[in-house]
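S.K.: Sequence first, then the predicted structure:
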Amino acid sequence: MYKPLKNFLEKKGYIVHSEVESIDVMARKDNELLIVEMKTTFNLQLVYQLIERLKITDQVYAYVPLGKGGRWPKPYKRMCALLKRLHCGLITLDQHTQKKVVVEYKPAPFNPRKNYAKKKLAVNEFAGRSIDLNQGGSTKKLLFTAYKEKTIRVAMYLFERGPSSTQDIKKGLDVKNTVDILNKNYFHWFERVSRGVYSITPDFEFFRLKYKKQIDQLWR
């Protein structure tokens with residue numbers, strides 16, 4: 001990886017040296033000092049090194065190989081976003097040819113763009129929940145979303161009162177999208193008894209017993 005980078009920088013008029021005081025690559029042209037940290041993959045060690053190099057110069061780059069076809073997997077895209085927030089640049093080496101070196105972007109001030117669609121989804125989800133049944137940082141565990149809360153309420157109404165009409169459920173629970181929940185039957189908890197009348201399935205019975213503690217908190 002070093003030789004193609006060295007040739008690339010020298011063609012741009014830089015004097016290039018490697019392994020300077022633990023710095024992978026240092027280059028200089030007139031009064032401009034440029035630092036490059038090399039890694040075969042993006043990782044946090046690279047991020048730590050870049051932060052240290054920013055104490056020396058504003059012209060700091062990460063240098064990594066780019067996969068065949070120039071495709072960027074999602075982790076790389078996320079790491080690129082982090083590099084931009086650090087005001088660091090990115091240089092890549094074509095992994096296939098081992099020759100093509102590209103400056104993907106230069107160090108520059110970062111102006112984050114808000115994703116208002118994601119913000120709206122998050123705010124609506126937050127507002128739709130009536131109780132905090134999840135554990136922060138949980139992985140591979142059931143999440144109680146706003147939609148699931150409403151679905152549980154509909155199912156519990158049917159569990160306690162037996163087969164009921166959509167009108168009765170809406171009046172009893174004040175869940176506006178009751179009909180949509182019953183029709184979509186996303187969790188397979190409902191079955192249609194007759195037109196506009198529903199009851200619960202054994203699937204909900206099993207779910208209720210498994211998550212009785214959380215459901216009791218939600219339903220009380």
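M.R.: Perfect, I can see it now.

S.K.: quick one: the most centrally placed residue in the chain and residue 61, what's the gap?
M.R.: In the chain, the centroid-proximal residue (CA atoms, centre = their mean) is residue 78; its distance is 8.4 Å. To residue 61, residue 78 is 18 Å away according to CB to CB, to the nearest Å. In short, each C-beta sits where N, CA and C put it, glycine included.

S.K.: just residue 169 next, same as before
M.R.: 61 Å.

S.K.: follow-up on the earlier one: so where does the residue nearest to the centre of the chain fall, helix or strand?
M.R.: Taking DSSP states H and E as the definition, one finds residue 78 inside helix 74-85.

S.K.: need the next SSE after that helix, C-terminal direction.
M.R.: Next along the chain after helix 74-85, taking DSSP H and E as the criterion, comes strand 89-94.

S.K.: Contacts only, for residue 130.
M.R.: Neighbour list for residue 130: 149, 218 [criterion: CB atoms under 8 Å, 6 or more residues apart in numbering].

S.K.: switch the cut-off to 7 Å
M.R.: Residues in contact with residue 130 (CB atoms under 7 Å, 6 or more residues apart in numbering) are residue 149.

S.K.: Under a three-state scheme, what state does it occupy?
M.R.: Three-state call for residue 130 (DSSP: H, G, I helix; E, B strand; the rest coil): coil.

S.K.: What are the structural domain limits within this protein?
M.R.: 2-105, 130-219 (automatic domain parsing).

S.K.: mind checking which helix or strand residue 28 is in?
M.R.: Going by DSSP H and E, residue 28 is part of strand 23-29.

S.K.: Likewise for residue 99?
M.R.: Following DSSP H and E, there is no helix or strand that holds residue 99.

S.K.: what about it, distance to residue 200?
M.R.: Separation of residue 99 from residue 200 (CB to CB) stands at 65 Å.

S.K.: who has more neighbours, the two?
M.R.: residue 200 (20 against 11; other CB atoms under 10 Å).

S.K.: Could you double-check that that one lies in contact with residue 188?
M.R.: No. With contacts counted by CB atoms under 7 Å, residue 200 stays clear of residue 188, the gap being 10.3 Å.

S.K.: which residues are in contact with stretch 42-54?
M.R.: Stretch 42-54 is contacted from outside by 23, 35, 37, 39, 60, 62, 64, 75-76, 79, 82, 86, 88, using CB under 7 Å, 6+ apart.

S.K.: among the residues you listed, which one has the lowest pLDDT?
M.R.: Lowest pLDDT of the contacts of stretch 42-54: residue 75, 74.
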